[in-house]
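Novice: Quick check, what structure comes out for this input:
(chains A and B)
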Amino acid sequence: MEAAAGQVMDADQALAVAAAAGDARAFEQLYRRHVGRVHGLCVRLCEGDRAKAEQYTQDVFVRAWEKLASFRGEAQFSTWLHRLAVNLVLGEYRLLKRWISFEDVPDEQLPQQDAPAAAGEHADLERALARLPKGARTVLLLFDVEGYGHEEIAALTGIAVGTSKAQLHRARRLMKEWLS
Amino acid sequence: MNEDRDEDRLPALRGLRLDAEPQCDLWPEIAMRLPSRRRQGLRAGLGLAMAAGLTLALGLGFLPVAQRQPEGSLPAQTLIVSPGTTAPLAGAPVLGQSRALIKANLQIARSSRQQLRQALQQDPDAEFLQRLLQRTEEHDAQLHELLREAS
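Specialist: Reported below is the predicted structural model:
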């Protein structure tokens, strides 16, 4: 399993090196390998707005092409790319002042069943995530799924570190309640 | 160090589906938007090569060359070599006033070769650059031949 992961990383790095030298076909292969994960991330950060997520996905890959020279291979290419995506999407939200409100909506005022339709064993999880206030959901995704620290989340979203921690604790508590 | 991470992380999140394919292939749009490093290199190479090739062709175009005629045929006549054609060279008498022009063309050919080699360093696989370099070298050989005959 580790060997396979290493091979994937090596393949990505080789493609990234070729793409950084101007090989658009190598970059297309990187796109094919990672578009699902990048687009999935954009969909979640865009509240399920697929049109907007597709636009952001395009922007992410164009930005990646422009910044490939800064990819040193110290981290996995996928990590580098996902960080680029989060920076781009949240950075634009922040710049356009469309960023989420972190006001403390009381638990009892949270929606009951307004999640988009989801099928299979992930349905409960998706419904629970959709019920979370946007701020809490974003912090939960960034911290628990994407591996960001509170300082990074604070810098990305413009909220205080303490707010990020509070949102994470609240999100976890609510999710545990709803999923239990 | 985040004490939150491992203690309270929701196990359910491990089952979160993270991939979501876009509804259509986004690559064509992305490819069109890429500021192409390779294309920039190619454009630069192409610009250099075209400039060099055009200058060389124009130089040759103004070069009067007497066409070699077989014995018993009409007297030799001056040939204006048009771009893209190869002048018949062997034994062709060259007008004295053309020597300076030949030397000027040789200078252009030398400069063209240098520029094409630089462009090929940026993009070694560019076949059109290789072809242009080959043609430039052929022109260069022709010019040397003309100069030798004019001496």
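Novice: Please count neighbours and contacts with C-alpha atoms only from this point.
Specialist: Noted.
Novice: Enumerate the residues of chain A near chain B.
Specialist: Residues of chain A lying near chain B by C-alpha under 8 Å from any C-alpha of the partner chain: A:21-24, A:28, A:31, A:35-41, A:43, A:50, A:54, A:58-59, A:61-62, A:65-66, A:122, A:125-126, A:143-145, A:149-150, A:172, A:176.
Novice: So which of these are in helices?
Specialist: Among these, the ones falling in helices (DSSP state H) are A:24, A:28, A:31, A:35-41, A:43, A:50, A:54, A:58-59, A:61-62, A:65-66, A:125-126, A:150, A:172, A:176.
Novice: Run through who's touching the helix or strand hosting B:A31.
Specialist: Using DSSP states H and E, B:A31 sits in helix B:27-33. The contact list for helix B:27-33 (C-alpha atoms under 8 Å, 6 or more residues apart in numbering or on different chains) reads A:24, A:28, A:31, A:58-59, A:61-62.
Novice: State the mean pLDDT of it.
Specialist: Average pLDDT, helix B:27-33: 92.
Novice: Stretch A:126-140 too?
Specialist: The model assigns stretch A:126-140 a mean pLDDT of 88.
Novice: and if you look at stretch B:111-130?
Specialist: Mean predicted lDDT for stretch B:111-130 stands at 72.
Novice: check contacts around A:A69.
Specialist: Taking C-alpha under 8 Å, 6+ apart as the test, what A:A69 contacts is A:A20.
Novice: Pull out the buried positions in the helix holding B:A31.
Specialist: B:30-31 (16 or more other C-alpha atoms under 10 Å in any protein chain shown).
Novice: Okay, domains of chain A per the record?
Specialist: Per the record, chain A has its domains at A:1-98, A:106-180, by automatic domain parsing.
Novice: burial measure for B:R131, as a count.
Specialist: Close neighbours of B:R131, defined as other C-alpha atoms under 10 Å in any protein chain shown, add up to 11.
Novice: tell me which residues in the helix or strand harbouring it are buried?
Specialist: If you go by DSSP H and E, B:R131 is part of helix B:127-150. Using 16+ other C-alpha under 10 Å as the test for burial, helix B:127-150 gives B:129-130, B:132-133, B:136-137, B:139-140, B:142-147, B:149-150.
Novice: And the furthest pair within those residues?
Specialist: Greatest spatial distance in those: B:L129 and B:A150, 31.0 Å, computed using C-alpha to C-alpha.
Novice: Flag the shaky bits of the chain, pLDDT-wise.
Specialist: In the absence of a named chain, chain A is used. Low-confidence segments of chain A, defined by pLDDT under 70: A:1-9, A:93-122.
Novice: wrong one, I was asking about chain B
Specialist: For chain B (pLDDT under 70), the answer is B:1-7, B:36-97, B:122-129.
Novice: Around chain A, pick out the residues from it.
Specialist: Applying C-alpha under 8 Å from any C-alpha, we find that chain B lies next to chain A at B:2, B:5, B:8-10, B:12-22, B:26-27, B:29-31, B:33-38.
Novice: Looking at these, which are in strands?
Specialist: Using DSSP state E, no member of the residues of chain B next to chain A falls in strands.
Novice: May I ask which of the contacts of helix B:27-33 has the most neighbours?
Specialist: A:F61 (27 neighbours).
Novice: From A:V38, how far out is that one?
Specialist: Look at A:F61 and A:V38: by C-alpha to C-alpha, to the nearest Å, they are 9 Å apart.
Novice: do the same with B:R135
Specialist: Noted for B:R135: a distance of 48 Å to A:V38, by C-alpha to C-alpha.
Novice: Which strands or helices does the helix holding B:R131 pack on?
Specialist: helix B:37-61, helix B:99-122 (3 or more C-alpha pairs under 8 Å, 6 or more residues apart in numbering or on different chains; DSSP states H and E).
Novice: got a list of what the residue nearest the centre of chain A touches?
Specialist: Centroid check for chain A by C-alpha atoms, centre = their mean gives A:L41 as the closest residue, at 4.0 Å. Contact analysis of A:L41 by C-alpha under 8 Å, 6+ apart lists A:82, A:85-86, B:18-19.
Novice: likewise A:A171?
Specialist: For A:A171, counting by C-alpha under 8 Å, 6+ apart, the contacting residues are A:132, A:136-137, A:140.
Novice: Turn those into JSON lines, including secondary structure, distance to A:D10 and neighbour count.
Specialist: As requested, the contacts of A:A171 are exported to JSON lines (DSSP: H, G, I helix; E, B strand; the rest coil; distance: C-alpha to C-alpha, whole Å; neighbours: other C-alpha atoms under 10 Å in any protein chain shown):
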{"residue": "A:L132", "secondary structure": "coil", "distance to A:D10": "38", "neighbour count": "23"}
{"residue": "A:A136", "secondary structure": "helix", "distance to A:D10": "36", "neighbour count": "26"}
{"residue": "A:R137", "secondary structure": "helix", "distance to A:D10": "33", "neighbour count": "24"}
{"residue": "A:L140", "secondary structure": "helix", "distance to A:D10": "30", "neighbour count": "28"}
